[in-house]
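S.K.: Dropping the sequence and predicted coords here.
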Amino acid sequence: MSAQPEEASPATPAPAPTPAPPEPAAAARLLALLRADHRAAAWVPAFERDWARALDDAAHSFSLAPAHEVVRTWRARLATAPAVDAFLAGGCDDSDGIDLDQVLGARA
């Protein structure tokens with residue numbers, strides 16, 4: 001019989017850390033970055049649509065999770081954009097690619 005409780009045993013994996021929620025002005029800073037990007041004509045209206053939907057969802061659910069998810073998703077898009085640009089500029093065949101929503105999950 002062990003003196004340690006089962007929860008503290010070395011075989012039990014530690015729980016995954018919860019990502020920190022974005023700071024309050026994260027959406028405004030992200031929108032400024034999107035406006036400065038060469039894809040602004042397409043991305044800014046899409047972000048604003050996603051953001052408006054997330055705020056509406058948050059108002060009905062009393063949870064900021066939808067707003068946090070929009071910020072995380074758009075940060076990921078912006079962070080991966082240079083790699084996508086380099087891939088496309090390299091003349092690589094992208095016909096076998098997958099939709100970003102398949103990777104990040106569909107937006108509600």
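M.R.: Noted; the coordinates are in hand.
S.K.: Next, the residues that contact the host helix or strand of residue 56 from outside, please.
M.R.: Residue 56 is part of helix 40-61, with elements assigned from DSSP states H and E. For helix 40-61, the surrounding residues in contact (CB atoms under 8 Å, 6 or more residues apart in numbering) are 27, 30-31, 34-35, 37, 64-67, 69-70, 73-74, 77, 107-108. Any C-beta I mention is one placed from the backbone N, CA and C, and that applies to glycine too.
S.K.: List only buried entries from those residues.
M.R.: For the contacts of helix 40-61, a burial check counting by 16 or more other CB atoms under 10 Å picks out 27, 30-31, 34, 64, 66-67, 69-70, 73-74, 77.
S.K.: Next, the angle helix 40-61 makes with the helix ranked longest in the chain.
M.R.: Across the chain, the longest stretch assigned as helix under DSSP state H is helix 65-89. With axes from the mean of the first three to the mean of the last three CA atoms, to 10 degrees defining the directions, helix 65-89 sits at 160 degrees from helix 40-61.
S.K.: Could you measure from the most centrally placed residue in the chain over to residue 102?
M.R.: Geometric centre of the chain, nearest residue: residue 73, 2.1 Å, by CA atoms, centre = their mean. As judged by CB to CB, to the nearest Å, residue 73 and residue 102 stand 13 Å apart.
S.K.: cool, and residue 28?
M.R.: Between residue 28 and residue 102 the distance is 29 Å, computed by CB to CB.
S.K.: Likewise for residue 30?
M.R.: With distances taken as CB to CB, residue 30 is found 22 Å from residue 102.
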